[in-house]
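> Provided below are the primary sequence and the corresponding predicted coordinates.
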Amino acid sequence: RDLRAARERIVEADAGVAEAWAALLPQVSAQGKYTRNYKEVDFDANQLLAPTFDIANQIANTTDNMAEKAAINQAVARNQAALQGTPLVVIQKLNELDGVVSASVPLVAPPSYYGLSAARHSRDATGANYQVTEATVLLSVAQAYFAAAGTDELVRARQDAVKVATETFDVAKARVAAELANQVESTRAETALVRAQQDLTESENSRGAAYRALATLIGTHEPIAVERSEEHTSELQSH
């Protein structure tokens, strides 16, 4: 779990470097909007000026001044010709789509460069911490391994001691039965046997604790057994 946590811290440091880079890169943002209005409003110049032309035509039809009539008709014809082909102007659409795109490019940003440098150093420090954590875990596993191997040897020695104490006790009882020794010798042998059995129980408890510690470090719930290599055994025998 320590190694997994250290690896996640490296991922976090990499994200910090990417975030520091983001301050130095161009940033583009886009926004869209849809609006549904209650009605569409149009502006038609021909329709708006039609009443004015009608009034001018009525004045021209009712006047007796031929010059005035010709001037009015000429003005109406000129304005109508100017308005021909005038597009319909929509003031408010029924359905509106709006969009905005903006971009920002950093030109001079000294603090961002220092922030990027700090993020990189932080990532390097996190990687070094991971290596230290890994070395610490491996050292702990090695220590737990040799501790478990040592407790195995101790249990075997205690078992041999119990066998010797049992045989000694049997011999003492036989000597007492043959009246070759008094009861004190048998009691002393029995006491030694009980002490050897107690030492065996304590060594078995120590072995269980050592194996639990080793299983916790390597992250397993399965029963495990430590076996020494032949090279290590030959070295111990030579010493």
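In hand now; what should we look at? Residues are numbered from 1 along each chain as shown.

> most remote residue from this structure's center?
Largest separation from the mean C-alpha position in the chain: Asp64, at 93.9 Å (C-alpha atoms, centre = their mean).

> host element of it?
Assigned by DSSP states H and E, Asp64 belongs to no helix or strand.

> which element follows the helix or strand containing Val176 toward the C-terminus?
Under the criterion of DSSP H and E, Val176 resides in helix 110-177. Downstream of helix 110-177, the first helix or strand assigned by DSSP H and E is helix 183-218.

> find the nearest non-adjacent residue to Arg207, please.
Thr151 (3.7 Å; C-beta to C-beta, 6 or more residues apart in numbering). Bear in mind the C-beta positions are built from the backbone N, C-alpha and C, glycine included.

> please apply the same query to Asn61.
In space, Asn61 is closest to Lys69, 7.9 Å off (C-beta to C-beta, 6+ apart).

> what is the neighbour count of the one you found?
Residues within reach of Lys69, counting by other C-beta atoms under 10 Å, total 15.

> swap in Ser186?
Ser186 has 19 nearby residues by other C-beta under 10 Å.

> now do Ser112
16.

> shouldn't it be in contact with Ala119?
No: using C-beta atoms under 8 Å, Ser112 is not in contact with Ala119; the gap is 10.4 Å.

> pull up the overlap in contacts between these two.
Ala20 (C-beta atoms under 8 Å, 6 or more residues apart in numbering).

> what mean pLDDT does the helix holding Val176 get?
When pLDDT is averaged over helix 110-177, the result is 90.

> same deal with stretch 8-20?
92.

> with stretch 203-221 instead?
Rounded mean pLDDT across stretch 203-221 is 90.

> re earlier: list the contacts of the residue farthest from the centre of the chain.
Asp64 neighbours (C-beta under 8 Å, 6+ apart): none.

> for Ile10, same thing?
So Ile10 contacts 123, 126-127, 130 (C-beta under 8 Å, 6+ apart).

> list buried residues within those.
Neighbour-count burial (16 or more other C-beta atoms under 10 Å) applied to those gives 123, 126, 130.

> which one of those residues sits closest to Val194?
Tyr130 (51.9 Å; C-beta to C-beta).

> right, and that closest one touches Glu8 too?
No: in terms of C-beta under 8 Å, Tyr130 does not count as a neighbour of Glu8; the distance is 10.0 Å.

> Asp42 belongs to a strand, doesn't it?
Yes: assigned with DSSP: H, G, I helix; E, B strand; the rest coil, Asp42 falls within a strand.

> what distance do you get for it to Lys93?
The gap separating Asp42 from Lys93 is 9 Å, by C-beta to C-beta, to the nearest Å.

> Ile59 too?
Ile59 is 38 Å from Lys93, by C-beta to C-beta.

> next one: Phe146
Counting by C-beta to C-beta - Phe146 and Lys93 are separated by 82 Å.

> for Lys33, what are phi and psi?
phi -150, psi 140 (degrees, to the nearest 10).

> partner residues bridging it?
Taking DSSP bridges as the rule, Lys33 bridges to Asp98.

> that one reaches Asp98, doesn't it?
Yes: using C-beta under 8 Å, Lys33 makes contact with Asp98 at a distance of 4.4 Å.

> could you dump the contacts of Ile10 to a markdown table with distance to Leu200?
Output for the contacts of Ile10, formatted as a markdown table (distance: C-beta to C-beta, whole Å):
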| residue | distance to Leu200 |
| --- | --- |
| Arg123 | 53 |
| Thr126 | 48 |
| Gly127 | 48 |
| Tyr130 | 43 |
